[in-house]
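[1] Predicted model and sequence follow; I will ask about them next.
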Amino acid sequence: MENKTTCLHASHKALGALMAPFAGYDMPIEYDGLDKEHTAVRTSAGLFDVSHMGEIVVEGPQALDLVNHIFTNDAAALADGGVAYGMMCHPDGGTVDDLLVYRVNAEKFLLVVNASNAEKDVAWVRNAAAGFDAEVVDRCADYGQLALQGPDAEAILEREMGLELKSMPFYTFRVLEGSLCGGVPAIVSRTGYTGEDGFEIYAAPEVIVELWNRLLAAGVQPCGLGCRDTLRFEAGLPLYGDELADDITPIEAGLGMFVKLDKPGGFIGSEALARQKAEGPARKLVGLRLDGAATARHGFEVLDLDGAVVGHVTTGYNSLTLGENIAMALVDARYAPLGSSLQVRIRRRLVPATVVKKRFYVPKYKK
């Protein structure tokens, strides 16, 4: 089946981007080299096309009740204009997807889901909506999306969009009603997936193309999905399919702070997650620091010092920011304490590794 394209596909090709299939789309992996793009986000700013992400609108008298029924976090705790991160879970606690929930008001929410799960997620939410007085609308085709990330993002966006953003807290958004295009308002949120300050902009595809061109003309570095992965990994942020999956729960992934088990009425999967939290998960996601120059990759075996397999690597890189070989791994909970000594099988070698905090890079941005 032919891969889909975003509204910026022609621009990616014109810029000579290295393209590859991702989540059913033909997406840019890099433009000017992974190192350059990664460093631009850490030191100044980088611009990403994330129009492949999925958008679902839930609206109606019981929109809040429905969102809280499917969402591990508490949408009732959000003020209008607030954003929350969390998961949707199966009844057994496994993760359907991780997502952002944008609260427009108590009767309207925007759910932003992973591109690889968008079709599945729309069906999941619609199925869960039975019995609720709320409508579930697939808006994936209506929005394009940009992510401007890095310490200079605020100043650049203020200059290029004429917005005042200094007073905008992290994990909040604004609806720009004056930017209506094709019936879809523009949304600017102070969110991101890099460990830096940044913004994500949702708008009609033609508006996204115009803004992309304006930001490139202003000298912003275009960035591909390659450095998006290295950046999120350094900041300890999970990727669905690696650190979260149908058979990996938020508790196992160390994301319990986004699981509100005391939320009135609970949510799908809350009973299973409550049991897992009370008993302690059998396995946990950890950070690893590896000795030497060898780099661990997804799926590599993690072993104890006696040579028994106790887990597997979910993501691994030679960190461009830290200059160290690091990884995240899902391991037997007995080996999860910080400082535990383990080994990673890399080809035919067993490489020593130490359990460390999986938030390898601490974001500079505090708002």
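    That came in fine, so what should we check first?
[2] can you pull the buried residues of stretch 93-111?
    Within stretch 93-111, the residues that count as buried by 16 or more other Cβ atoms under 10 Å are 93-104, 106, 108-111. To be clear about C-beta, it is placed using only N, CA and C from the backbone, and glycine gets the same treatment.
[3] for the stretch 51-200 of the chain, what spans make up the strands?
    Taking DSSP state E, counting those that start in this stretch as the criterion, the stretch 51-200 of the chain carries its strands at 54-59, 83-89, 95-105, 108-113, 135-138, 144-149, 173-181, 184-189, 198-203.
[4] how distant is the longest one from the center of its chain?
    Pointing back at strand 95-105 there. The chain centre lies 11 Å from the centre of strand 95-105; the measure is Cα atoms, centre = their mean, to the nearest Å.
[5] got the angle for that strand vs strand 54-59?
    Interaxial angle, strand 95-105 versus strand 54-59 (axes from the mean of the first three to the mean of the last three Cα atoms, to 10 degrees): 50 degrees.
[6] Also compute the angle for strand 95-105 relative to strand 108-113, please.
    Going by the same axes, to 10 degrees, strand 95-105 makes 150 degrees with strand 108-113.
[7] Show me what strand 95-105 is packed against.
    Strand 95-105 sits against strand 83-89, strand 108-113, helix 118-128, with contacts defined as 3 or more Cβ pairs under 8 Å, 6 or more residues apart in numbering; DSSP states H and E.
[8] Need the ones you listed in CSV (columns: mean pLDDT and distance to residue 342).
    CSV is the format used below for those (pLDDT from 0 to 100; distance: least, Cβ to Cβ, whole Å):
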stretch, mean pLDDT, distance to residue 342
strand 83-89, 98, 27
strand 108-113, 98, 34
helix 118-128, 98, 34
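[9] Quick check: what element follows the helix or strand that residue 317 is a member of along the chain?
    Using DSSP states H and E, residue 317 maps to strand 309-318. The element immediately downstream of strand 309-318 (helix or strand, assigned by DSSP H and E) is strand 325-332.
[10] helices or strands up against that next one?
    strand 283-290, strand 309-318, strand 341-346, strand 349-356.
[11] Take the ones you listed and lay them out in CSV including mean pLDDT.
    Below are the helices and strands packed on strand 325-332 laid out as CSV (pLDDT from 0 to 100):
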stretch, mean pLDDT
strand 283-290, 98
strand 309-318, 98
strand 341-346, 98
strand 349-356, 98
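[12] hmm, back to that, which among the helices and strands packed on strand 95-105 is found nearest to residue 136?
    Among the helices and strands packed on strand 95-105, helix 118-128 comes nearest to residue 136, with 4.8 Å by Cβ to Cβ.
[13] Run the angle between the closest one and strand 108-113 for me.
    Counting by the same axes, to 10 degrees, helix 118-128 lies at 140 degrees to strand 108-113.
[14] contact partners of helix 118-128?
    53-54, 56, 58, 66, 69-70, 88, 96-97, 99, 111, 113-114, 136, 138, 140, 268 (Cβ atoms under 8 Å, 6 or more residues apart in numbering).
[15] Could you rerun that using 7 Å?
    54, 56, 58, 66, 69-70, 88, 96-97, 113, 136, 138, 140, 268 (Cβ atoms under 7 Å, 6 or more residues apart in numbering).
[16] Buried ones in it, by neighbour count?
    118, 120, 121, 122, 124, 125, 128.
[17] Stretch 244-261 now?
    Applying 16+ other Cβ under 10 Å to stretch 244-261 flags 244-245, 248-256, 258-260 as buried.
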